[in-house]
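Colleague: output the structure for:
(one chain, ligands or ions: 1)
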Amino acid sequence: MSKSSAETPLMQQHKAIKQKYPDAILLFRVGDFYETFGEDAIITSKVLGITLTKRNNGAAFSSELAGFPHHALDTYLHKLVKAGYRVAICDQLEDPKQVKGIVKRGVTEMVTPGVATSDKLLEHNSNNFLAAIHFADDKVGIALLDISTGELFASEGNAEYIDKLLQSLKPAEVIFQRNYQKHFKETFGSKFYTYTLDSWIFDEAYATESLLKHFQTHSLKGYGVEAMPLAIIAAGAIFHYLKDTEHPNLQHITSIQRLEREDYLWMDRFTIRNLELLGSGVENGHTLLKVLDSTVSPMGARLLKRWIVLPYKDLGKINERLDLVEFLIKDVDLRTRLTQHIKQAGDIERLVSKIPLRKINPREVLQIARGLQHVDAIRNECLHASNDYLKRLADALNPCLYILEKILKDIVENPPVLISKGSVIKEGVHAELDELRNIASMGKSYLVQMQQKECEATGISSLKVGFNNVFGYYLEVTNMHKSKVPETWMRKQTLANCERYITQELKTYEEKIVGAEDKILAIEQELYDKLLLELQDYIAPMQINGNVLAILDCLTCFAQNALHYNYKKPILHQGLEFEIKDSRHPVIERNLPVGENYISNDISLDPSAQQVIILTGPNMSGKSALLRQTALITLMAHMGSFVPASAATIPITDKIFTRVGASDNLSGGESTFMVEMNETASIINNLTPRSLILLDEIGRGTSTYDGISIAWSIVEYLHSSPHAPKTLFATHYHELNELENKLLRVKNYHVTNKEVGNKIIFLRKLAPGGSTHSFGIHVAKMAGMPPKLIDRANEVLQQLESKHVDEESSSPKTEDLSTNIKKLSVPKLQLSIFDAHSETFDEIRTMLDSIDINRLTPVEALMKLNEIKQKVK
Ligand SMILES: Nc1ncnc2c1ncn2[C@@H]1O[C@H](COP(=O)(O)OP(=O)(O)OP(=O)(O)O)[C@@H](O)[C@H]1O
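Modeller: Sure thing, here's the model as predicted:
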C-alpha cells in the first residue's frame, strides 16, 4: 500500500482497525460483503480458494482484495481458523441507510482455535479447550476453558503434572506469558497452537479482581481455588483474553472446577500414550476410548474422555459408580429408557452456552425445551430408584418447568433456523403480532371486503380500491358516480374520467399493511430476545442437567459394555494385593481376526509374597499384552467401569507407570537410551506402595551386558524399596530369571508355547517359571527373512548355546550380580573357516574387528552373519 493521504476514508478506517489486530485476518464488512485487503487478502484467497483482485483507487493507491458475501461467513470462517489463522470479524455498527458518510465499524468477535463457538469448528464429542499457562519459579498454573460448554478447570503443580494435563486434555490453543516462549517449547514441546500475552496480565490481584467480577462473589473460596494463586492467575489470563477477543457475554461460565492432582490416579503422558488410551485420527482405531465409548450423547462422549485420563482414586466415589453400573445392568427397562431419553435430549451443554453468546437459533431453543422434557422424564424415572447415587443424580436434575413451558408456548413447532425469517413465535403470544400477521396475510381479501362494504354503503357499483406510490391506497370513483361520494371521503386526485379518494379507515389500514412485514419481524425478534434473556436465568441449572446426563450416559455405557463384552464388577480395596482372574486385554480382544479368541490369564501381585514378576516368553507370545491388560484393567476399575476378567480384586492405586525399552519407542525422536533411562529414573523417584509399575524390555536400548545389568539392578532396587511397588517386568533377558533364587518376592513367569516340528504355536497362557529362549529366529522367519539366513542363524544359535552350557557346567554357581554378568562373557567360537589362513579369513577378521558388538542389534548381527556366509561360499 502506498501513502495514506491517497487512501479513501474506507481504507483509512480499515487501516486504523487493522492496527489493533495486527496478527489476525480482518474480515471487513462492506455492504453485503466481507472484504479482506493486502496481506490478509492474499492469505484469504489462498486458504478459501477465492479470487484475488486488485482494488485501484487512483494511481496512488492499490491493494489486493478478496471477499465473500456476508451470508457465506459460516462457510468460510472455520476454514481460516482451521488453517491456523486468527480471524477478527469487523462489522458495520450503524445502519448505512441512517448514516451520512462513512459507517462506523468495529470488531465484534475474534475467532481463534481456542475461542471457537461455531459448530463447524467444534467436534461434537471432544472438548475444545483454551488453556492458559502461568509460569512461576518452580511451579506452573493452568486454567482450561471450553467456551462452547462453559466448563472452566484450574490447577497448579510441577511442569510434569501440567504437561500431563496438556497432553491429555489437548487444548486447541495455549496462551502464556510472552517472555516464556522458549521455556514453553522446552517444557511442553512445539505441538500446541500458542499465543502469547503481555506479562502484566499474569498478576494475582488483577486476576482475582476479574474472577470476582465475573462470578459476582466476594471470594473464590467456594470454588476451592483460593489457595492456588498460580491457577487463579491463569484463569484471570483467560478472562483477559476473552475480553481481548471481544467475548463479553460469558454468563455460561458459572464456576471454576479445581483439578487436584491428588484426587486422580496418576498416569504420566508416556503411560497414556503407551497404553493407547485416547489416540487420535487414524490411530484412533485401537484405543481404549474407542472400545469403551458406546455413549449416546456428545456430553457423555466428552466426559468419558476425561474419565479415562483422570480416573478416581477415592474408593467411595468409585464404588458409587460401580454400584450404579451394576444397578443399571440389572434393570434392563430403566437402562433402555434412560438411553432413549439421553439420546434425544441433545447437546444440552453446548446449546446452553449459545444463549449468552446470542448464537442460539430458534430450532435450538426448541431443542432446549425438548431436552428439558427428557430431563423431567429421567428425573421421574430415577427419583425413587433403589440406588442412592442414582437418586442423588436425579435429585440434581431440574426440568426448569417455567422456561420449558414458556418455550413451548412461544415457539412454533417447526421453526426456521433463522429468526430473521419470521414465523418463529406462535399465535396467541402477542396480540399486535397476531393482528399484523392477519393484516399481512389477509391484506388483499381485507381490501376486497372493504371495497364491497363501501360499494354497498354508497351504491357506487364501479368502486375500486387501488394503490400508487404517491397516495398509497385510494378509492376510485368514475365520474358517473361522483355525486354519491360521502362527505367524509377526501379527494386526492382528479383524472379524465374518474376521481381518487382516501378515507380515514383506508389510511389507518394502509399504515398497518405497509409496515406489517417489518413490524412482524421486529416484534418476533423482540419476543425472541426477551425469551433468551429469560433463558439466561436458567443457565446454571441447565448446565447441571447436562453434567448429570453425561454421567448417566457414561454409566449406562459401562453397563452396556459389561453386558456385551462380558466385563465383571471389580472389587476395589484399601489393601495392596492385586488379583485378576481370566483377565483379557480390552482392546486386543475386540480387534482379533474373526474366529480367534483372546486367551485369558490370571495375574496376581502381592507386595509381601509376589511383588515383582519377571515375565519371559517368545517374541510375539503376548508379554506386552499381559502387561498392558493389567494396567488397563486397573485403570478401568478406577473409572468405575466393569473389567474384562471373571473376577478382579484391585487395590486403590495412585500411580500407573509404564516404560517400554527404547527400541519399541522409535517415533518422536525419543528413541535414545537416555530417554528410556530418564523415564525409568522418574519412576524410581516417584513410586509409592500404591504404585503399579510395568516395565517392558527395559534395558534393551543398549548393549546386552549393559542392558542386563541395568535391568537386574532395577529389579533389585524395586524389590528392596521400602515401598515395595507391584511390578511386572517383561524381558528377553532370561538371565534375570536368576533373580527369583536370590530375591524373596521376585517370581518368574513365562508365556507358554508349544513347539511342533520347527514351528511354534503360541498358547499364550501364563505359567510359573522362566522360559529359556526367545524364538527370535522364528520371528525373523515369520517376517520373511531368506531361508538360508534363517538356517545359518539356527546353526550359530546352537553353537552359542552349546558353548554357553559348557561354560555354565564348568563354572561354579554364581551368587552375585558381578559374577553372573561375567558368566555371560562372549563364547569363543571355533568355526572351521578361522583355521584356514586364507584371504577370506583375513577379510572376515577385518570385518569382525570393525564390529562393535555392544552396539549391534540382533537384526544387524543376522545381516552380518549372512555377509560372512556369502564370503565363505
Ligand atoms: N492372550 C492373547 N490371546 C490372543 N492373542 C494375543 C494374546 N496376547 C497377545 N496376542 C496377540 O499377539 C500379538 C503379540 O503380542 P505381544 O506384543 O504382547 O507380544 P510380546 O511377547 O510382547 O512380543 P515381543 O517380545 O516381540 O515384544 C498381539 O498383538 C496380539 O495380537
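
Colleague: from here on, contacts and neighbour counts on C-alpha atoms
Modeller: Noted.

Colleague: contact partners for the closest residue to residue 565 other than its chain neighbours?
Modeller: Nearest residue to residue 565, sequence neighbours excluded (C-alpha to C-alpha, 6 or more residues apart in numbering): residue 644, at 7.5 Å. If a contact means C-alpha atoms under 8 Å, 6 or more residues apart in numbering, then residue 644 has 565, 566, 567, 568, 583, 584, 585, 586, 633 as its contacts.

Colleague: and stretch 566-586, which residues are buried?
Modeller: Residues of stretch 566-586 classed as buried by neighbour count (16 or more other C-alpha atoms under 10 Å): 567-572, 576-581, 583-586.

Colleague: residue 206: which of the contacts of residue 644 is nearest?
Modeller: residue 633 (45.2 Å; C-alpha to C-alpha).

Colleague: does that closest one count as helix, strand or coil?
Modeller: helix (DSSP: H, G, I helix; E, B strand; the rest coil).

Colleague: doesn't residue 643 make contact with it?
Modeller: Yes: counting by C-alpha atoms under 8 Å, residue 643 is a contact partner of residue 633 at 5.8 Å.

Colleague: of these two, which one has the most company?
Modeller: Each of residue 633 and residue 643 has its neighbours counted (other C-alpha atoms under 10 Å); residue 643 has more, 29 against 24.

Colleague: contact partners for the more buried one?
Modeller: With C-alpha under 8 Å, 6+ apart, residue 643 has these contacts: 562, 567, 568, 569, 570, 633, 636, 637.

Colleague: biggest separation within the residues you listed, which pair?
Modeller: It's 562 and 633 that sit farthest apart of the contacts of residue 643, by C-alpha to C-alpha, at 12.9 Å.

Colleague: name the residues of stretch 504-518 that are buried.
Modeller: So, applying 16+ other C-alpha under 10 Å, buried residues of stretch 504-518: 506, 509, 510, 512, 513, 516, 517.

Colleague: what's the helix or strand in which residue 741 is found packed up against?
Modeller: Residue 741 belongs to helix 739-742 when elements are defined using DSSP states H and E. Counting contacts by 3 or more C-alpha pairs under 8 Å, 6 or more residues apart in numbering; DSSP states H and E, helix 739-742 is packed against strand 746-756.

Colleague: distance of the closest residue to residue 167 other than its chain neighbours from residue 679?
Modeller: Using C-alpha to C-alpha, 6+ apart and skipping residues adjacent in sequence, the residue nearest residue 167 is residue 269, 6.5 Å away. Look at residue 269 and residue 679: by C-alpha to C-alpha, to the nearest Å, they are 11 Å apart.

Colleague: of these two, who's got more company?
Modeller: Counted by other C-alpha under 10 Å, residue 269 and residue 679 do not tie: residue 269 has more neighbours, with 20 against 17.

Colleague: which residues are in contact with that one?
Modeller: 163, 164, 167, 168.

Colleague: most widely separated two among those?
Modeller: Longest span within the contacts of residue 269, C-alpha to C-alpha: 163 and 168, 8.5 Å.

Colleague: so these two - more neighbours on which side?
Modeller: Of the pair residue 163 and residue 168, residue 168 is the one with more neighbours under other C-alpha under 10 Å, namely 22 against 18.

Colleague: isn't there a strand covering residue 89?
Modeller: Yes: counting by three-state DSSP, residue 89 is located in a strand.

Colleague: next helix or strand past the helix or strand harbouring residue 678?
Modeller: Taking DSSP H and E as the definition, one finds residue 678 inside helix 673-686. Next helix or strand after helix 673-686 toward the C-terminus (DSSP H and E): strand 691-696.

Colleague: can you list contacts of that following strand?
Modeller: With contact meaning C-alpha under 8 Å, 6+ apart, strand 691-696 is reached by 624, 627-628, 631, 653-661, 725-731.

Colleague: do stretch 499-515 as well
Modeller: By C-alpha under 8 Å, 6+ apart, stretch 499-515 touches 436, 439-440, 443, 472-479, 482, 488-494.

Colleague: switch to 10 Å and redo it
Modeller: Stretch 499-515 is contacted by residues 435-444, 446-447, 450, 464-467, 471-479, 481-482, 485-486, 488-494, 516, 519 when judged by C-alpha atoms under 10 Å, 6 or more residues apart in numbering.

Colleague: so how do I select the buried members of these in ChimeraX?
Modeller: Here is the ChimeraX command that selects only those of those that count as buried (16+ other C-alpha under 10 Å):
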select :435,436,437,439,440,443,447,450,464,465,473,474,475,476,477,478,481,485,491,516,519
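
Colleague: cross the contacts of stretch 499-515 against strands and list the overlap.
Modeller: Applying DSSP state E to these, the entries found in strands are 464-467, 472-478, 490-494.

Colleague: so residue 525 sits right up against residue 361, yeah?
Modeller: No: the criterion here is C-alpha atoms under 10 Å, and residue 525 misses it with residue 361 at 11.3 Å.

Colleague: any common contacting residues for those two?
Modeller: Contact with both residue 525 and residue 361 is made by residues residue 419, according to C-alpha under 10 Å, 6+ apart.

Colleague: just give me the neighbour total for the residue lying closest to residue 53 once chain neighbours are set aside.
Modeller: In space, residue 53 comes closest to residue 65 once its chain neighbours are excluded; the distance is 5.1 Å by C-alpha to C-alpha, 6+ apart. By other C-alpha under 10 Å, the residues close to residue 65 number 21.

Colleague: state the distance from residue 65 to residue 7.
Modeller: Counting by C-alpha to C-alpha - residue 65 and residue 7 are separated by 15 Å.

Colleague: near the ligand, which residues of the stretch 751-873 of the chain?
Modeller: Counting by C-alpha under 6 Å from any ligand atom, the stretch 751-873 of the chain comes close to the ligand at residue 764.

Colleague: export stretch 368-375 as CSV, just CAs?
Modeller: Listed next in CSV are the C-alpha coordinates belonging to stretch 368-375 (Å, rounded to 0.1, in the frame of the first residue of the first chain):
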residue,chain,number,x,y,z
ILE,A,368,-33.5,-27.0,24.8
ALA,A,369,-37.2,-27.4,25.7
ARG,A,370,-37.3,-30.9,24.4
GLY,A,371,-34.1,-31.6,26.3
LEU,A,372,-35.8,-30.3,29.5
GLN,A,373,-38.8,-32.7,28.8
HIS,A,374,-36.3,-35.6,28.7
VAL,A,375,-34.6,-34.3,31.9
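
Colleague: how about the helix or strand containing residue 406: buried residues?
Modeller: Taking DSSP H and E as the criterion, the element that holds residue 406 is helix 401-410. By 16+ other C-alpha under 10 Å, the buried positions in helix 401-410 come out as 403, 404, 407, 408, 410.

Colleague: between these, which sits nearest residue 755?
Modeller: The closest of the buried residues of helix 401-410, once distances to residue 755 are taken by C-alpha to C-alpha, is residue 404, at 70.1 Å.

Colleague: name the SS class of whichever residue of the stretch 401-550 of the chain sits closest to the ligand, please.
Modeller: Of all residues in the stretch 401-550 of the chain, the one sitting closest to the ligand is residue 550 (33.1 Å; C-alpha to the nearest ligand atom). With three-state DSSP as the basis, residue 550 sits in helix.

Colleague: for residue 343, see how far away it is.
Modeller: Distance, residue 550 to residue 343, by C-alpha to C-alpha: 11 Å.

Colleague: quick revisit: residue 301 is in contact with the residue of the stretch 401-550 of the chain closest to the ligand, correct?
Modeller: Yes: if you go by C-alpha under 10 Å, residue 550 and residue 301 touch, sitting 7.7 Å apart.
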